[in-house]
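A.B. asks: Could you look at this predicted model? Sequence included:
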Amino acid sequence: MEIAAILAALASGGVIGLILGLVGGGGSILAVPLLIYIVGVGSPHAAIGTAAVAVTANALASLIGHARAGRVKWRCAGVFAASGMIGAALGAELGKAFDGQRLLALFGLLMIGVGLSMLRKRRTAEAPDVRLTRESAATLLPRLVPIGLGVGLAAGFFGIGGGFLIVPGLILATAMPLPFAIGTSLVVVSALGLTTATSYALSGLVDWGVTALLVAGGVLGTIGGIALGKVLGTRKGLLERGFAAVVIAIGVYITSSSI
């Protein structure tokens, strides 16, 4: 690999990690366009497979801190993840069978939709003590299972961690507060990412050298993003809106260039 490509992969990982550290999610959706347009990965399918492995590694690393802080609803995460893994396996097979350029165009449309949804004001959740028990199962399971299946399908199809879909999905299903939804989502991101990554790896659609560079850059970027986030904590809303605008702009570019 040329030095320019190595630096591009490290920088791309750094950007993803920086965004994760600053706004707590959404960085993985930039992985595929960064791999294609900045790093120079020629195949959209290889970019998706490589991104899935890197996203899984970063999610597992982030999960440790949230688990230690007690911000993970493990039973809710388990049901959501199990449903999502079924969806992700199906989605990955569909994605690999899809034409690369059409897949990119759909990915661009997804980015536009995600960016627009990020601009909407979140409603305050009101169930910090929610737990999946025998008593609550009748209410929670009919929400967790179908939402998890749908999110997994999208995550597998596009090779993304799906955190930006999982967090609102968990809140919709359980009404858990945002900090718990973020921590719990990392369990699901790890599970879905692993499912997608395994499917693509078995098909030989993962560039392991680029993956290692993305993860290394992501670690450094996350550390910097968390530190910068503390400094800019009072302007987190502005940061989220700015990131949403970037996601929309990239989505428009990808869609227009893939049609």
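C.D. replies: Alright, I've got the coordinates.
A.B. asks: Can you work out which other helices and strands pack against the helix or strand encompassing V167?
C.D. replies: Assigned by DSSP states H and E, V167 belongs to helix 163-174. Judged by 3 or more Cβ pairs under 8 Å, 6 or more residues apart in numbering; DSSP states H and E, helix 163-174 is in contact with helix 74-97, helix 100-118, helix 137-158, helix 178-202. (Each C-beta comes from the backbone N, C-alpha and C, glycine too.)
A.B. asks: Take these and lay them out in CSV including mean neighbour count and distance to I6.
C.D. replies: Compiled in CSV, the helices and strands packed on helix 163-174 are given as follows (neighbours: other Cβ atoms under 10 Å; distance: least, Cβ to Cβ, whole Å):
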stretch, mean neighbour count, distance to I6
helix 74-97, 21, 27
helix 100-118, 18, 24
helix 137-158, 20, 26
helix 178-202, 24, 21
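A.B. asks: Ok, which of the ones you listed comes nearest H66?
C.D. replies: Among those, helix 178-202 comes nearest to H66, with 3.4 Å by Cβ to Cβ.
A.B. asks: Now the element after the closest one, going C-ward?
C.D. replies: Next along from helix 178-202, by DSSP H and E: helix 208-231.
A.B. asks: Now do that next one and helix 178-202, the angle between them.
C.D. replies: 170 degrees (axes from the mean of the first three to the mean of the last three Cα atoms, to 10 degrees).
A.B. asks: what's the spacing between I171 and G108?
C.D. replies: 26 Å (Cβ to Cβ, to the nearest Å).
A.B. asks: cool, and L192?
C.D. replies: When L192 is compared with G108 (using Cβ to Cβ), they lie 21 Å apart.
A.B. asks: can you check G14 too?
C.D. replies: According to Cβ to Cβ, G14 and G108 sit 23 Å apart.
A.B. asks: can you tell me which of the helices and strands packed on helix 163-174 the model trusts least?
C.D. replies: Least confidently modelled of the helices and strands packed on helix 163-174 is helix 100-118, at a mean of 83 by mean pLDDT.
A.B. asks: That one vs helix 74-97, what angle?
C.D. replies: Computed by the same axes, to 10 degrees, the angle between helix 100-118 and helix 74-97 is 150 degrees.
A.B. asks: who does helix 100-118 touch, helix- and strand-wise?
C.D. replies: Going by 3+ Cβ pairs under 8 Å, 6+ apart, helix 100-118 lies up against helix 31-34, helix 44-68, helix 137-158, helix 163-174, helix 236-258.
A.B. asks: let's go with 10 Å and repeat that
C.D. replies: Helix 100-118 sits against helix 31-34, helix 44-68, helix 74-97, helix 137-158, helix 163-174, helix 236-258, with contacts defined as 3 or more Cβ pairs under 10 Å, 6 or more residues apart in numbering; DSSP states H and E.
A.B. asks: quick check: mean pLDDT across the last one?
C.D. replies: Same thing as helix 236-258. Averaging pLDDT residue by residue across helix 236-258 gives 80.
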